[in-house]
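1. The amino acid sequence is not available; the structure is as follows:
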């Protein structure tokens, strides 16, 4: 799936309230984020159509990743600086929570080869 910066710019300006990470990024970083997001989602959701919205949300997620989250991804569980300790969760945060709501969470493959997904649906009364 090829998505372009101009379409993403419109999406973020019209639909995303906290879009600073996208707006403040240069065009090279934006393109790399879009490419990386598309690659990650293609690997995670094989043989499925990936909506542009999911790629955009994943791109923003990648641009927002903090150094602490990067450390957690490589296995760091805690660190201390000047008496302040930080414990890092071992939860996989590769896919943005908003993308999981759009695409669902992959739960594996059946013996027939079909893949299963869990979709989170919010019910409001």
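-> Thanks, I have the structure now. Note that the structure is predicted; figures quoted are calculated from it, not measured.
2. list the buried ones in the one helix or strand residue 30 maps to?
-> If you go by DSSP states H and E, residue 30 is part of helix 27-44. By 16 or more other CB atoms under 10 Å, the buried positions in helix 27-44 come out as 30, 31, 33, 34, 37, 38, 40, 41, 44. Quick note: C-beta positions are derived from backbone N, CA and C, even for glycine.
3. And for the second one, nearest residue in space, chain neighbours not counted?
-> With CB to CB, 6 or more residues apart in numbering as the criterion, residue 31 has its nearest non-adjacent residue at 6.1 Å, and that residue is residue 5.
4. which ones are touching the one you found?
-> Listed by CB atoms under 8 Å, 6 or more residues apart in numbering, the contact set of residue 5 reads 27, 30, 31, 34.
5. Dump those into TSV; add distance to residue 104 and pLDDT as well.
-> Output for the contacts of residue 5, formatted as TSV (distance: CB to CB, whole Å; pLDDT from 0 to 100):
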residue	distance to residue 104	pLDDT
27	31	97
30	26	97
31	27	97
34	22	97
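6. List just the nearest of those residues to residue 85.
-> residue 30 (35.0 Å; CB to CB).
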